[in-house]
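A.B. asks: Test case, fold it:
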Amino acid sequence: MSEKNKGMLADVAIYAVAFAAAAVPFYMIGNIFVAAAVFTALATVLVFIASCALKDVSVYDPYWSVAPVVILLLCMIKYGYWNVNSIILLSVVTVWAVRLTGNWYITYKGIGHEDWRYAMYRQKCSTPVFLLISFFGLHFIPTVVVYLGLVSGLFSIQKTEFSPLSLLGVAVMLGAVLLELLSDTAIHRFLREHKGERRTCDISVWKYSRHPNYLGEMSFWTGMYIYFLPLYPDKWYLGLGFLTIIALFLSVSIPMMERHNLERRPDYAEYKKHTSMLLLLPCRK
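C.D. replies: Residues are numbered from 1 along each chain as shown. The predicted structure follows:
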């Protein structure tokens, strides 16, 4: 069996145990938001323990895309939320999750092959400091922001009345999934064609944005909020958790990737001069 398949089996087992264990307190708690928060917090702690045991923070990588589907489905089952809103949202989130998890699988190499960001922290920090960074920065904070982004979805699945205006949110979410698909497909093709070269991907949507994949991810969670808004116009402020996801990308993910690309790719500085950082805009001359 290949290292990739061995790693996949290990990850499936870890997530199955984590979700099963977290489901116990989930079913004991009445409030949907508290139950979902406890579920995702406990599952994250268990995944963190597994990542420490295997010395591989990348064990957590699929959590971002897998957990929202599991949380929505468990809430629908436990609370009996089977209505047009819950079915639409679960369907769209599942499409997003399958695509994002599929992209992770394409680049996955097996246990022990950490993302360069995790390896950088592991190399630069002492073990106690790295464990703190790993738990809070690489596991728990991403879990918290995803939960906050999902709050609008947890509200929406409770609403039995459907608003046609929510379809705008569906369009934004599906458009975001398409943008991410185009981004990842283009960069995988570019890397195959320029294997071993340190060139910057500037084809397809990468002509118009330096981070179209991040734009797609931010747009997806914005779309979930747009879906929620017509259903709860008087509670608009309760769904603003998606802004924490946008803040995470703008303050951490994008700056870190910018520095990494400037260090590794000789042509990135020139590419940066002519290409929008985030929004899809015509090339600057």
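
A.B. asks: Can you point out the buried residues in whichever strand or helix holds residue 4?
C.D. replies: Following DSSP states H and E, the helix or strand that holds residue 4 is helix 3-26. Using 16 or more other Cβ atoms under 10 Å as the test for burial, helix 3-26 gives 7-8, 10-11, 14-15, 18-19, 22-23, 26. Yep, even glycine has a C-beta here, placed from its N, CA and C like the rest.

A.B. asks: Please apply the same query to stretch 110-120.
C.D. replies: Neighbour counts over stretch 110-120 (16+ other Cβ under 10 Å) mark 110-111, 114, 117-118 as buried.

A.B. asks: Between the two ends of it, how far is it?
C.D. replies: Taking Cα to Cα, to the nearest Å, stretch 110-120 runs 18 Å from one end to the other.

A.B. asks: quick one: that stretch to chain centroid distance?
C.D. replies: Put simply, stretch 110-120 sits 17 Å off its chain's centre (Cα atoms, centre = their mean, to the nearest Å).

A.B. asks: so is residue 161 in a helix, a strand, or just coil?
C.D. replies: Counting by DSSP: H, G, I helix; E, B strand; the rest coil, the backbone at residue 161 sits in coil.

A.B. asks: ok, now which ones touch the closest residue in space to it that isn't next to it in sequence?
C.D. replies: Distance criterion Cβ to Cβ, 6 or more residues apart in numbering; nearest residue to residue 161, sequence neighbours excluded, is residue 231 at 7.3 Å. If you count contacts by Cβ atoms under 8 Å, 6 or more residues apart in numbering, residue 231 has them with 85, 155-156, 159, 161, 163, 166.

A.B. asks: What of residue 149?
C.D. replies: 221, 224, 241-242, 244-245 are the contacts of residue 149 under Cβ under 8 Å, 6+ apart.

A.B. asks: Give me the secondary structure label for the residue nearest to residue 161.
C.D. replies: coil.

A.B. asks: Ramachandran angles for it?
C.D. replies: In terms of degrees, to the nearest 10, the main-chain angles of residue 231 are phi -80, psi -30.

A.B. asks: what's the answer for residue 162, then?
C.D. replies: Recorded main-chain torsions at residue 162 are phi -110, psi 140, according to degrees, to the nearest 10.

A.B. asks: number of nearby residues for it?
C.D. replies: A count of nearby residues for residue 162, using other Cβ atoms under 10 Å, gives 15.

A.B. asks: Repeat that for residue 172.
C.D. replies: With neighbours defined by other Cβ under 10 Å, the count for residue 172 comes to 19.

A.B. asks: what's the one helix or strand it maps to packed up against?
C.D. replies: If you go by DSSP H and E, residue 172 is part of helix 166-193. On a contact count with 3 or more Cβ pairs under 8 Å, 6 or more residues apart in numbering; DSSP states H and E, helix 166-193 meets helix 84-107, helix 212-228.

A.B. asks: ok, back up a step: now the element after the helix holding residue 4, going C-ward?
C.D. replies: Next helix or strand after helix 3-26 toward the C-terminus (DSSP H and E): helix 32-54.

A.B. asks: what's the distance between residue 110 and residue 6?
C.D. replies: Between residue 110 and residue 6 the distance, using Cβ to Cβ, to the nearest Å, works out to 6 Å.

A.B. asks: Same question for residue 87.
C.D. replies: Taking Cβ to Cβ, one finds residue 87 at 36 Å from residue 6.

A.B. asks: What of residue 152?
C.D. replies: 38 Å.

A.B. asks: How far off centre is the helix or strand containing residue 154?
C.D. replies: For residue 154, the element it lies in under DSSP H and E is helix 141-156. In this view, helix 141-156 has its centroid 11 Å away from the chain centroid, taken as Cα atoms, centre = their mean.

A.B. asks: mean confidence score for that helix?
C.D. replies: For helix 141-156, the mean pLDDT works out to 98.

A.B. asks: so that helix versus helix 84-107, what angle?
C.D. replies: For helix 141-156 against helix 84-107, the angle by axes from the mean of the first three to the mean of the last three Cα atoms, to 10 degrees is 150 degrees.
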